[in-house]
Structures are given as C-alpha cells and as structure tokens.
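Q: Task: produce atomic coordinates for the following.
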Amino acid sequence: MNIEDRFFSRVEYSDDCWEWTEGLSSGYGCMHLRYVDGKQFTTLTHRWSYEYFIGPIPDGYCICHHCDNPKCVNPFHLFAGTHRDNMQDMVSKKRCGGSKKTHCPQGHAYTKENTFITKIGARSCKTCRSVYLKKWRSKNGDKMKASAKNWQTKNREYVREYRKKYRAKLKEGKYGL
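A: Numbering: from 1, shown residues only. This next block holds a predicted model:
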C-alpha cells in the first residue's frame with residue numbers, strides 16, 4: 001500500500017473536519033513512514049496533509065488549525081504560521097487556560113486599562129508590572145546610575161565626536177530637520 005492510500009484509508013471524512021483515526025501523539029495524528037534506505041520515522045498527519053495538498057512548509061513555520069481540532073487533516077482547515085501566530089490565535093479564541101481568567105494572581109481585574117499583551121501574546125497586569133518595576137528600581141537604581149556614569153566617563157570622547165558629527169550633518173541638512 002502506498003503512502004497516499006495508507007493516509008486516506010485512516011481518515012474519517014465529514015462535511016467539516018477530516019479526522020485522523022489511527023495513532024495519536026499529544027492529541028495530533030501521527031503515522032510512521034520509511035525512508036528509501038528502510039529507516040523509519042514518524043510524521044504528524046496534519047503536516048503531511050498540508051505538504052501533500054498545499055506545498056512545502058516554510059522554514060520556521062508550524063501548521064496551525066483554523067478549526068482547533070488537532071486530529072483534523074482537512075487542508076482547508078490548515079494554515080502555515082509562526083509559533084507566535086499560533087499562540088496569538090490560541091489567545092484570541094480563548095483556548096488557553098489563562099485567557100479564561102478575569103483577574104491576575106494578585107487580584108487585579110484584567111480590564112483594557114489594566115492589561116497589556118506581552119511579546120509572546122500573553123496578558124499581563126499593568127498594576128503588578130508597575131509595582132515590580134518600582135521595587136526593581138529601588139533595589140537596582142544605584143547600580144544603574146553608577147553603571148551609566150561609568151560608561152559616560154569611559155566613552156566621553158566618543159560621545160563628543162558623535163555629537164560633533166551629528167551637528168555637522170544637521171547643518172548640512174542630511175537629516176531633513
């Protein structure tokens with residue numbers, strides 16, 4: 001039996017999702033394949049389906065589900081995205097445990113005014129962040145000031161030269177100011 005026949009014989013078709021009915025790995029369909037030299041490897045079926053119907057997966061991308069069904073191999077439900085895209089999709093659809101929470105661990109409400117989204121797409125409390133930064137600055141402020149002063153002392157001549165070049169370019173009109 002060739003790979004296509006094996007794949008399609010293990011899919012349960014419906015009007016919506018095409019569900020993989022055989023082996024699973026963390027909820028995602030998986031199947032074992034063999035290289036020409038006989039070595040065996042495992043592939044995730046939604047990735048195989050994407051490559052079979054749509055084309056190669058770009059480097060650094062994962063295959064995400066519009067339908068949020070990890071067993072689904074329907075190519076119309078799959079899209080290539082970065083890990084960040086996948087996490088933002090998860091948060092926007094409220095699939096992660098944290099998205100159901102209404103308050104931070106310290107009890108502050110997650111409101112528009114009191115919430116910001118981190119680089120990885122997670123919610124964070126502005127009040128808690130402010131408290132943390134105040135504590136951090138009071139603890140490390142002297143070190144930071146000393147470090148900045150030390151840098152200025154070591155690089156005084158560099159800063160003077162940089163300022164001269166910058167002012168000269170301003171006079172020449174190279175910065176359009």
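
Q: what are the ranges of the strands in this protein?
A: 11-12, 19-20, 24-25, 28-34, 40-44, 62-65, 78-81, 115-117, 123-125 (DSSP state E).

Q: Would you reformat the ones you listed as TSV and include mean neighbour count?
A: To be clear about C-beta, it is placed using only N, CA and C from the backbone, and glycine gets the same treatment. Listed next are the strands of the chain as TSV, based on neighbours: other CB atoms under 10 Å:
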stretch	mean neighbour count
strand 11-12	15
strand 19-20	22
strand 24-25	12
strand 28-34	16
strand 40-44	12
strand 62-65	19
strand 78-81	18
strand 115-117	12
strand 123-125	17
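
Q: and of those strands, who's closest to Tyr162?
A: The closest of the strands of the chain to Tyr162 is strand 115-117. By CB to CB, the value is 33.6 Å.

Q: mind checking which of the strands of the chain is nearest Lys101?
A: Within the strands of the chain, the stretch nearest Lys101 is strand 123-125; the backing value is 8.2 Å (CB to CB).

Q: by contact count, what packs against that closest one?
A: Judged by 3 or more CB pairs under 8 Å, 6 or more residues apart in numbering; DSSP states H and E, the packing partners of strand 123-125 are strand 115-117.

Q: Give me the contact list for the strand it packs on.
A: With contacts defined as CB atoms under 8 Å, 6 or more residues apart in numbering, strand 115-117 is touched by Arg123, Ser124, Cys125, Lys126, Arg129.

Q: Tabulate those in JSON lines, adding columns for distance to Glu172 and pLDDT.
A: What follows is those, written out as JSON lines (distance: CB to CB, whole Å; pLDDT from 0 to 100):
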{"residue": "Arg123", "distance to Glu172": "48", "pLDDT": "84"}
{"residue": "Ser124", "distance to Glu172": "45", "pLDDT": "90"}
{"residue": "Cys125", "distance to Glu172": "48", "pLDDT": "93"}
{"residue": "Lys126", "distance to Glu172": "44", "pLDDT": "95"}
{"residue": "Arg129", "distance to Glu172": "43", "pLDDT": "92"}
